[in-house]
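1. below are the sequence and a predicted model; questions follow.
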Amino acid sequence: MGHVVVSRLAYAHPGGELLFSDVSFRISTGAHVGLVGANGVGKSTLFRVLAGVLSPGEGDVSVGGVVGYMPQDVGAGGDSRSVRELLLSLAPRAVRLAGERVLGYEAALAAGDVDAGMKLGTAIADWSSLGGYELEGQWDASCRRIVRASFDELADRPAVTLSGGERKRLVLDALLASDADVLLLDEPDNFLDVPAKLSLEQQVRASKKKTVLMISHDREVLSGAVGSILTLEGNGAWLHGGPYPAYPSAREQRQRRLGDAVKRWRDEERRLHELMKTFKERARYSSDWAKKADAAETRWRRFRAGGPPPSPVTDTSIVVRMRGGDSARRVLDLRSLGITELVSPFSDEIHFGERVGVLGPNGSGKSELMRVLAGERDPDGGELVIGPRVSTGFFTQLQSRGDLAGRPVLDVVLDRVRGGGVQAAMGALARYGLAEAGQRSYDVLSGGEKARLEILVLELEGHNLLLLDEPTDNLDIESSDALEKAIGGFEGTVVAVSHDRAFLRTMDRFLMVLHDGAVLSLPSYDSALEALVDPARAGQVRFAKVL
């Protein structure tokens, strides 16, 4: 029942710009599929069309059964809804509308509308008959599992009082436990720490009766949660029927086949054209060739009218040229450094050339620690000593750099290019897929565009210490790969917060901040992953000098 069938789908922005076209695919009942594609290709918009939030410009969509949809921005700030309203937004349409009527009449009654009481009674009856109270029971179970509180305790609280990770996990738990036949999950892994991502993978795999289509840029989540990969790119979409680890090779082979097919078409078109020209030339001297020439021309025109096969997609991943430079051997010296109520005092030294990953559960204080290392705030205890000739560049987690706010993208880059003026600046923007965004303000860029611009800014400024707070969260897969390769050749030191296990594998050693504020030093990726999964056990073999 829970199938998804899309035929020749197209969508254009209200201003008329075409986002995607000729998108066709079929997802069978019970399939778990990851949707990938470059930033800005229209993945989230496609989900909104499948969920019925947007109407397509062309084509047909058929989704079988009840649909559960989680938008990308569930974990982001600025959401003014209550927890009840957040969970209600996930309900099937009829139940959701009944619940919204109940809330509306409750508010009207509280405001003194005497006529609202009768209407409220009718709305409550509708809510009950549609299974609303059973749904509240499911929400209560999800609230107790995720937030350790009942639904009654949380219902009227603003959703923003929960952390981004808690909101994501609560919505995911409610959807996965719901009666929905089809789940559309837009970046469900964002804001989740590694244990929560591992849990998400297990939950999706265990949902064998649900059809799941999820957008993700996390290569490990795609490998662990889904069985096939749908790619939105070029003039449509294509489905790789195997798991993600085999996807890069499959895409490379597909690109090669497309290139070969285009070459064969061009060769055949050229052959037919030359044949027609030869026959026409002969027809000038002998009428016996006239019919053959006409037939050759008809054949050539019919062949051209069919058009060439799809061309290989031109990859638009960023080209990062991090150079860095030399500094003192001791880059950062953390002396009994602590942050009140977040990070207990600890000491460590970070040396030139090291790649240090900073790990820990959501809310443990990793971002505040990075702000201290970047000089944006002072530690509450201890001392941070920065070595000679160290130049620090800071990538912010939510792309919230105040020095870029409100500025045109081109001006941001012009301030940092060394010679070459506008031409050099546009060339740099083109390497990062931002040429068309040159005249736009930083504030209106998408999350992926802001992330790419911040990385470009770090490159142009030429720092030799990079502090990266969740650098791959909003990057597509190809851009994450490009960033990792650039860091591999970077002459300098990197300290990075991340929950992206593929990115974490590129680090040399790790600092793990626990919920109780303790900091562990872990010598390898394997030991770090083990500590994330079982922090209690890791605490028995702590390496850091925790004071």
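-> Thanks, I have the structure now.
2. contact partners for residue 197?
-> 189, 218, 220-221, 499, 501 (CB atoms under 8 Å, 6 or more residues apart in numbering). In this view, the C-beta of every residue, glycine as well, is placed from N, C-alpha and C.
3. revised request: answer the last question for residue 156.
-> 82-84 are the contacts of residue 156 under CB under 8 Å, 6+ apart.
4. let's have those in CSV, adding distance to residue 96, pLDDT and neighbour count.
-> CSV is the format used below for the contacts of residue 156 (distance: CB to CB, whole Å; pLDDT from 0 to 100; neighbours: other CB atoms under 10 Å):
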residue, distance to residue 96, pLDDT, neighbour count
82, 14, 91, 18
83, 15, 93, 25
84, 12, 93, 20
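5. re earlier: from the contacts of residue 197, which land in strands?
-> Per DSSP state E, strands hold no members of the contacts of residue 197.
6. and the residues you listed, which of them are in helices?
-> 220-221, 501 (DSSP state H).
7. JSON lines for those residues, including pLDDT?
-> Formatted as JSON lines, these follow (pLDDT from 0 to 100):
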{"residue": "220", "pLDDT": "94"}
{"residue": "221", "pLDDT": "95"}
{"residue": "501", "pLDDT": "92"}
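8. low-confidence stretches in the protein?
-> When residues are selected by pLDDT under 70, those of the chain lie in 75-79, 315-317, 398-400, 535-547.
9. state which helix of it is the longest.
-> Under DSSP H, the chain gives helix 247-283 as its longest helix.
10. what is the next helix or strand after it packed up against?
-> Note on helix 247-283: by DSSP states H and E, the next helix or strand toward the C-terminus is helix 290-306. Helices and strands touching helix 290-306, by 3 or more CB pairs under 8 Å, 6 or more residues apart in numbering; DSSP states H and E, are helix 247-283.
11. what about the ones in helices among the contacts of residue 197, which one has the most neighbours?
-> In terms of neighbours by other CB atoms under 10 Å, the ones in helices among the contacts of residue 197 top out with residue 221 at 26 neighbours.
12. distance check, residue 88 against residue 44.
-> Computed as CB to CB, to the nearest Å, the residue 88 to residue 44 distance reads 21 Å.
13. give me the more crowded residue out of these two.
-> More crowded of residue 88 and residue 44, by other CB under 10 Å: residue 88, with 23 against 17.
14. the more buried one contacts residue 98, correct?
-> No - the criterion here is CB atoms under 8 Å, and residue 88 misses it with residue 98 at 9.6 Å.
15. where along the stretch 401-547 of the chain do the helices fall?
-> Counting by DSSP state H, counting those that start in this stretch, the segments of the stretch 401-547 of the chain that form helices are 409-414, 421-431, 447-461, 477-488, 501-504, 525-533, 535-538.
16. figure out which of those helices is closest to residue 154.
-> helix 535-538 (25.8 Å; CB to CB).
17. and the contacts of residue 156 as TSV, adding secondary structure and distance to residue 368?
-> Converted to TSV, these look like this (DSSP: H, G, I helix; E, B strand; the rest coil; distance: CB to CB, whole Å):
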residue	secondary structure	distance to residue 368
82	strand	28
83	helix	26
84	helix	31
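18. ok, those vs residue 380, which is closest?
-> Among the contacts of residue 156, and counting by CB to CB, the member closest to residue 380 is residue 83, at 31.8 Å.
19. got a list of what the closest one touches?
-> Residue 83 touches 143, 151, 154-159, 162, 170, counting by CB under 8 Å, 6+ apart.
20. coming back round to it: which one of the contacts of residue 156 is nearest residue 468?
-> Looking across the contacts of residue 156 and measuring by CB to CB, the closest to residue 468 is residue 83, at 32.3 Å.
21. how about the strands in the stretch 51-200 of the chain?
-> Under the criterion DSSP state E, counting those that start in this stretch, the stretch 51-200 of the chain contains strands at 58-63, 67-70, 182-186.
22. and residue 509, bridged to which residues?
-> Beta-bridge pairing of residue 509 under DSSP bridges involves residue 356.
23. what is the burial count for it?
-> 18.
24. isn't it right up against residue 526?
-> No - counting by CB under 8 Å, residue 509 stays clear of residue 526, with 11.8 Å between them.
25. tell me who's in contact with the closest residue to residue 243 other than its chain neighbours.
-> Closest residue in space to residue 243, ignoring its immediate chain neighbours: residue 227 at 5.9 Å, by CB to CB, 6 or more residues apart in numbering. If you count contacts by CB under 8 Å, 6+ apart, residue 227 has them with 31-33, 242-243.
26. so which of these are in helices?
-> Per DSSP H, the contacts of residue 227 never map to helices.
27. need the buried ones from these selected in PyMOL.
-> Buried members of the contacts of residue 227, defined by 16 or more other CB atoms under 10 Å, are picked up in PyMOL with:
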select buried, resi 31+32+33+243
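28. now render the contacts of residue 227 as TSV, adding distance to residue 118.
-> Listed next are those as TSV, based on distance: CB to CB, whole Å:
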residue	distance to residue 118
31	47
32	47
33	47
242	59
243	57
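29. which members of the contacts of residue 227 occur in strands, if any?
-> Per DSSP E, the contacts of residue 227 map to strands at 32-33.
30. tell me the one of the contacts of residue 227 nearest residue 342?
-> Among these, and counting by CB to CB, the member closest to residue 342 is residue 32, at 37.1 Å.
31. was I right to think residue 356 contacts residue 350?
-> Yes - contact criterion CB under 8 Å: residue 356 and residue 350 qualify, at 5.7 Å.
32. where do the contact lists of these two overlap?
-> Common neighbours of residue 356 and residue 350 (CB under 8 Å, 6+ apart) are 493, 495.
33. related to what we said a few turns ago, and the ones in helices among the contacts of residue 197 as CSV, adding distance to residue 516?
-> Shown next, in CSV, are the ones in helices among the contacts of residue 197 (distance: CB to CB, whole Å):
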residue, distance to residue 516
220, 27
221, 27
501, 24
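34. I'd like to know how many residues surround the closest residue in space to residue 473 that isn't next to it in sequence.
-> Computed as CB to CB, 6+ apart, the closest residue to residue 473 that is not its neighbour in sequence is residue 190, at 5.9 Å. Neighbourhood size, residue 190 [other CB under 10 Å]: 24.
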